[in-house]
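A.B. asks: after the sequence you'll find the predicted model.
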Amino acid sequence: MEKKNIDWANLGFGYIQTDYRFVSNYKNGAWDDGILTEDANVVINECAGVLQYAQTVFEGMKAYTTVDGRIVTFRPDLNGERLEQSAARLEMPIFPKDKFVEAVIKTIKANEAYVPPYGSGATLYVRPYMFGSNPVIGVKPADEYQFRIFTTPVGPYFKGGVKPLTIRVSDFDRAAPNGTGHIKAGLNYAMSLHAIVDAHKQGFDENMYLDAKTRTKVEETGGANFLFVTKDGKVVTPKSSSILPSITRRSLVQVAKEYLGLEAEEREVYLDELKDFAECGLCGTAAVISPVGKVVDHGKEICFPSGMTEMGPVTKKLYETLTGIQMGTIKAPEGWVVEIK
Ligand SMILES: Cc1ncc(COP(=O)(O)O)c(C=O)c1O
């Protein structure tokens, strides 16, 4: 298979249309078998449920080439499981996780020519999603749905080296206490757009959202979970029922314990204790870990000892171990790295 003529190392994070996408329709209470198609356009009625009441959920994952030239993806079963939970919360039919993994593999395989080579730093981003497709005018769930997966090659996250982020404590809330913060629904991202545009205008890279009820506890950013390291080398991640259960964060916690012999704890983290941590990072599929150098709380700066020039030592070890597992230089736990054959 010949690769597409793409300047992999200089790709950004944008949409580039690839050859195939997977499409399955849900009608009369059942999903069809689904097909791969070259048609990148979605044609739906003007009154479709997704357009009126935002009934849509999605996932984000990657395919990449390992050191020994295999095309793989990372823990797709967990994305499938999370999509099931997201769909259930929005009264959408479940696209079963086994069928999900099969469809992801099929779509990556069909777009093999767009999977960037090992060492380029680029990856093939995979976007599964589903939405209510039939006309809905009264507020209720749709009866018909479409599940799709498209792929798009994206560039290395850290172009020109890692640079720790500066984030602000946001006055906007991301998720209500008993709302939808724990699922990957489009609606959570629509309402974060104003906050992120405003943060960028004020010179910050990201928003740190607090729990909406007490505004004392750390939740997450608009697209990643937090991970902290204490001064005595323990990994701490915020526990909350209104944050997205990041697959990267869960993997890093397991790596911390089983590969690095570190203590790791998932617990409530108070804004007040940030000053006591040695390192801070954001975990997500996009970057694995982005180091945070500084949090600004209404003019008050909380600077982590790891500084503004590089990743902290524990964050770096976690990053190197998980990316080593993903790239095939370190032995992966059973089922983490799934080969596309
Ligand atoms: C709100 C939010 N939190 C956390 C994450 C990180 O999750 P994952 O590690 O599964 O990519 C994402 C990105 O998917 C996200 O959108």
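C.D. replies: Perfect, I can see it now.

A.B. asks: confirm that I325 sits in a strand.
C.D. replies: No. Applying DSSP: H, G, I helix; E, B strand; the rest coil, one finds I325 to be helix, outside a strand.

A.B. asks: which ones are touching it?
C.D. replies: When contacts are counted by Cβ atoms under 8 Å, 6 or more residues apart in numbering, I325 touches 255, 259, 331-333, 336-337. C-betas here are computed from N, CA, C, even on glycine.

A.B. asks: let me know the pLDDT of G335.
C.D. replies: On the pLDDT scale, G335 is placed at 97.

A.B. asks: that one and F74 touch, don't they?
C.D. replies: No. Look at G335 against F74 with Cβ atoms under 8 Å: they stay out of range, at 10.3 Å.

A.B. asks: what does the protein put close to the ligand?
C.D. replies: Residues of the chain lying close to the ligand (Cβ under 6 Å from any ligand atom) are 60, 220, 223-225, 244, 246-249, 283-285.

A.B. asks: who wins on neighbours among those?
C.D. replies: C283 (28 neighbours; other Cβ atoms under 10 Å).

A.B. asks: element containing that residue?
C.D. replies: Using DSSP states H and E, C283 sits in strand 277-284.

A.B. asks: give me the mean pLDDT for that strand.
C.D. replies: For strand 277-284, the mean per-residue pLDDT is 97.

A.B. asks: for the closest residue to G29 other than its chain neighbours, what are its contacts?
C.D. replies: Nearest residue to G29 in three dimensions, chain neighbours excluded: P93, at 7.9 Å (Cβ to Cβ, 6 or more residues apart in numbering). Neighbour list for P93: 26, 29, 31, 87, 145 [criterion: Cβ under 8 Å, 6+ apart].

A.B. asks: switch the cut-off to 7 Å
C.D. replies: With contact taken as Cβ atoms under 7 Å, 6 or more residues apart in numbering, P93 is in contact with 26, 87, 145.

A.B. asks: so how far is R250 from it?
C.D. replies: P93 sits 26 Å away from R250, going by Cβ to Cβ, to the nearest Å.

A.B. asks: ok, now K97?
C.D. replies: In this view, K97 and R250 are 16 Å apart by Cβ to Cβ.

A.B. asks: if we can go back for a sec, which of the contacts of P93 tops the neighbour count?
C.D. replies: Busiest of the contacts of P93 [other Cβ under 10 Å] is Y145, holding 24 neighbours.

A.B. asks: who does that residue form a beta bridge with?
C.D. replies: Beta-bridge partners recorded for Y145 (DSSP bridges): Y26, G132.

A.B. asks: now the strands: where do they sit in the stretch 151-300 of the chain?
C.D. replies: Taking DSSP state E, counting those that start in this stretch to define them, one finds strands in the stretch 151-300 of the chain at 165-169, 206-208, 225-230, 235-238, 264-267, 277-284, 288-297, 300-303.

A.B. asks: strands paired with the fourth one, and their directions?
C.D. replies: The reference is to strand 235-238. Sheet partners by DSSP bridges: for strand 235-238, these are strand 225-230 (antiparallel), strand 264-267 (parallel).

A.B. asks: buried residues in that strand?
C.D. replies: Neighbour-count burial for strand 235-238 flags 235-238 (criterion: 16 or more other Cβ atoms under 10 Å).

A.B. asks: circling back: so which of the contacts of I325 is the closest to H298?
C.D. replies: Distance ranking of these against H298, using Cβ to Cβ, places V255 first at 34.5 Å.

A.B. asks: ok, and the closest non-adjacent residue to the residue in the stretch 51-200 of the chain that the ligand sits nearest to?
C.D. replies: Closest approach between the stretch 51-200 of the chain and the ligand, counting by Cβ to the nearest ligand atom: G60, at 4.7 Å. Spatial nearest neighbour of G60, excluding adjacent residues (Cβ to Cβ, 6+ apart): T285 at 5.3 Å.

A.B. asks: again with I105
C.D. replies: I340 (5.6 Å).

A.B. asks: which ones are touching that neighbour?
C.D. replies: By Cβ under 7 Å, 6+ apart, the contact list for I340 reads 63, 71-73, 105, 108-109.

A.B. asks: list the buried residues of the helix or strand containing K109.
C.D. replies: Counting by DSSP H and E, the element that carries K109 is helix 97-110. By 16+ other Cβ under 10 Å, the buried positions in helix 97-110 come out as 97, 99-101, 103-110.

A.B. asks: so for Y20, which of the strands of the stretch 151-300 of the chain sits nearest?
C.D. replies: Each of the strands of the stretch 151-300 of the chain has some distance to Y20 by Cβ to Cβ; the shortest is strand 277-284, at 25.9 Å.

A.B. asks: hmm, who's touching the closest one?
C.D. replies: For strand 277-284, the surrounding residues in contact (Cβ under 7 Å, 6+ apart) are 206, 221, 223-231, 246, 248-249, 252, 289-292, 304-306, 312, 314-315.

A.B. asks: which among those residues end up buried?
C.D. replies: 206, 221, 223-230, 246, 248-249, 252, 289-292, 304, 306, 312, 314-315.

A.B. asks: dump stretch 17-35 to PDB, restricted to CA.
C.D. replies: Provided in PDB are the C-alpha atoms of stretch 17-35 (Å, rounded to 0.1, in the frame of the first residue of the first chain):
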ATOM      1  CA  GLN A  17     -10.800  14.500   3.700                       C
ATOM      2  CA  THR A  18      -9.700  10.900   3.400                       C
ATOM      3  CA  ASP A  19     -11.100   8.200   1.000                       C
ATOM      4  CA  TYR A  20     -13.500   6.200   3.100                       C
ATOM      5  CA  ARG A  21     -15.900   6.600   6.000                       C
ATOM      6  CA  PHE A  22     -18.200   4.100   7.800                       C
ATOM      7  CA  VAL A  23     -21.900   4.800   7.900                       C
ATOM      8  CA  SER A  24     -24.600   2.800   9.700                       C
ATOM      9  CA  ASN A  25     -28.300   3.700  10.000                       C
ATOM     10  CA  TYR A  26     -30.700   3.000  12.800                       C
ATOM     11  CA  LYS A  27     -34.300   2.600  11.700                       C
ATOM     12  CA  ASN A  28     -37.400   0.700  13.000                       C
ATOM     13  CA  GLY A  29     -35.500  -0.200  16.200                       C
ATOM     14  CA  ALA A  30     -32.400  -1.800  14.600                       C
ATOM     15  CA  TRP A  31     -29.000  -0.900  13.200                       C
ATOM     16  CA  ASP A  32     -28.200  -2.000   9.600                       C
ATOM     17  CA  ASP A  33     -24.800  -3.700   8.900                       C
ATOM     18  CA  GLY A  34     -23.200  -0.400   7.800                       C
ATOM     19  CA  ILE A  35     -21.000   0.300   4.800                       C
END
